[in-house]
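K.L.:
Below are the sequence and a predicted model; questions follow.
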Amino acid sequence: RKEVEQDPGPFNVPEGATVAFNCTYSNSASQSFFWYRQDCRKEPKLLMSVYSSGNEDGRFTAQLNRASQYISLLIRDSKLSDSATYLCAVKGSNDYKLSFGAGTTVTVRA
Amino acid sequence: NAGVTQTPKFQVLKTGQSMTLQCAQDMNHNSMYWYRQDPGMGLRLIYYSASEGTTDKGEVPNGYNVSRLNKREFSLRLESAAPSQTSVYFCASYQEDRAAFFGQGTRLTVV
């Protein structure tokens, strides 16, 4: 089983729609969680960290469910510029291994 | 700030050749990472260094070696390149509570 798994999508949504997707992780001792955005052939860039109580950054909301071992990302009022691949990242508690999922592709259409 | 700098940005190697990918960060981060990214595979961890003087294998270490030269620099070496190592390589640095920041990547083709 992979350490971090994501639904690859693609999610094709109209502008203004809400889209949400999850990322599951296998190590229950994982401590730190992140969402990254990657545009085609570019380096991943941090979108937001995910905190235990959940957190928002503008139109983006991240949640952590430790019991079921997944994190989620919700994008409200989607913009064309939100089209990208979203990668989740998980770091263990006992080491500094930082593992990524394969990414979820989101395409926002006009 | 430069952040994380990788060199070279592009490279073509012949099978069997060797090369070293360089990575340097100026954010004073303790941890550094090397990933490869292939279509549909996401980022796969090759090696990482939790702190200066330590290195550990990741998910796909075979065919690679690394050196954590100092706190700033973490290099990745291919001793005998194979076509299966054709990929995009990303270096990243990480500090607790600050997440990871990536270099712009090295696009390597082995022919």
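P.N.:
Cool, got the structure.

K.L.:
Can you give me the distance of the residue of chain A found nearest chain B to A:C88?
P.N.:
Closest to chain B within chain A is A:A102: 3.2 Å, counting by CB to the nearest CB. For the C-beta atoms, the positions are set from N, CA and C on the backbone; glycine is no exception. As judged by CB to CB, to the nearest Å, A:A102 and A:C88 stand 10 Å apart.

K.L.:
sorry, back to before: what about the residue of chain A closest to chain B, how many residues close to it?
P.N.:
Residues lying near A:A102 (other CB atoms under 10 Å in any protein chain shown) number 22.

K.L.:
How about A:A67?
P.N.:
6.

K.L.:
hang on, it is in a strand, isn't it?
P.N.:
No - read with DSSP: H, G, I helix; E, B strand; the rest coil, A:A67 is coil and lies in no strand.

K.L.:
which residues does the residue nearest to the spatial centre of chain B form a beta bridge with?
P.N.:
Taking CA atoms, centre = their mean, the centroid of chain B lies closest to B:W34, which sits 3.1 Å from it. Note on B:W34: beta-bridge partners B:Y47, B:C91, judged by DSSP bridges.

K.L.:
Looking at it now. What's its pLDDT?
P.N.:
If you check B:W34, the pLDDT there is 98.

K.L.:
Same question for B:N1.
P.N.:
60.

K.L.:
Which residue ranges of chain A form helices?
P.N.:
Read by DSSP state H, chain A holds no helices at all.

K.L.:
Quick check: residues of it near chain B?
P.N.:
Counting by CB under 8 Å from any CB of the partner chain, the residues of chain A close to chain B are A:6, A:8, A:32, A:34, A:41-46, A:49, A:87, A:89, A:91, A:95-103.

K.L.:
circling back to that earlier point, what touches both of A:A102 and A:C88?
P.N.:
Residues touching both A:A102 and A:C88 (CB atoms under 8 Å, 6 or more residues apart in numbering or on different chains) are A:Q6.

K.L.:
Off-centre distance for stretch A:69-80?
P.N.:
Stretch A:69-80 sits 7 Å away from the centroid of its parent chain (CA atoms, centre = their mean, to the nearest Å).

K.L.:
Residues contacting it, please?
P.N.:
For stretch A:69-80, contacts defined as CB under 8 Å, 6+ apart pick out A:13-26, A:28, A:30, A:33, A:35, A:47, A:50, A:59-65, A:82, A:86, A:88, A:90, A:106, A:108-110.

K.L.:
can you rerun that using 7 Å?
P.N.:
A:13, A:15-25, A:28, A:33, A:35, A:50, A:59-64, A:82, A:86, A:88, A:108, A:110 (CB atoms under 7 Å, 6 or more residues apart in numbering or on different chains).

K.L.:
What subset of those residues is buried?
P.N.:
A:13, A:19, A:21-25, A:33, A:35, A:50, A:60-64, A:82, A:86, A:88, A:108 (16 or more other CB atoms under 10 Å in any protein chain shown).
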